[in-house]
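Q: fold the following.
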Amino acid sequence: MKKIETERLIIRPIKESDYEDICEYGTDEEIGKYMIYWPKTRETIKTFIKECEVAAMQETPGWREYAIQLKSSLKVIGNVSLIISKNDITAAEIGWISNKDYWGRGYMSEAVNCIIQDTFQNTPICKILATCTEKNIASLKVMEKSGMHRILIEQNQKAIKNGEEVSYTKLTYCITKN
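A: Next up is the predicted model:
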């Protein structure tokens, strides 16, 4: 996995030294309220980073985790996951989380757009999906700004979050390689 740069961002594999920055947003209840696997504890973030490092070293990873770092300060302000389908190497799912102190500035849309374009140019992946709850308006905007189109609405979805069952309406968006 290589480093990618945009005008304002460095997009690269997550590393151990990102721990404090990831804990800053990754343990925040408000940031993770619409997500199944976030927020995490400081301890589970350590495990997550180790898993990211192992995945990044694999020749053909089934999962890529990108740190989103500001060029101006080198602060990690979020991360983006790209999970390649086990059944179809031409399809993947993308997801993200970011520090709320940097919301509303277009950083995540910039990062997601860059990762989508790089993925389409440098891998066999030609379809990328993203999902979120209908309440996560910020993620919906990122999907739309990234050229994704809604393809599915699923009512009464169930998941386990923090040991409890939650119900939500799941929206699925998609973009395909042109």
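
Q: going by C-alpha atoms from here, please, whenever you check contacts or count neighbours.
A: Noted.

Q: state the mean pLDDT of stretch 55-64.
A: Here stretch 55-64 scores 86 as its mean pLDDT.

Q: for T123, phi and psi?
A: Recorded main-chain torsions at T123 are phi -140, psi 170, according to degrees, to the nearest 10.

Q: helices of the protein, residue ranges please.
A: 19-26, 42-57, 107-122, 137-145 (DSSP state H).

Q: of those, which stretch is the most buried?
A: A comparison of these by mean neighbour count, using mean count of other C-alpha atoms under 10 Å, puts helix 19-26 on top with a mean of 20.

Q: mind listing what's buried in stretch 155-175?
A: Along stretch 155-175, the positions that meet the burial threshold by neighbour count (16 or more other C-alpha atoms under 10 Å) are K161, Y168, K170, L171, T172, Y173, C174, I175.

Q: let's have those in a markdown table, adding pLDDT and distance to G95.
A: Converted to a markdown table, those look like this (pLDDT from 0 to 100; distance: C-alpha to C-alpha, whole Å):
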| residue | pLDDT | distance to G95 |
| --- | --- | --- |
| K161 | 87 | 17 |
| Y168 | 94 | 17 |
| K170 | 96 | 14 |
| L171 | 97 | 13 |
| T172 | 97 | 11 |
| Y173 | 98 | 11 |
| C174 | 98 | 12 |
| I175 | 98 | 13 |
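
Q: spit out the contact partners of G104.
A: Contacts of G104 were listed using C-alpha atoms under 8 Å, 6 or more residues apart in numbering, and none were found.

Q: got the phi and psi for it?
A: Comment: the main-chain dihedrals of G104 come out as phi 80, psi 10, following degrees, to the nearest 10.
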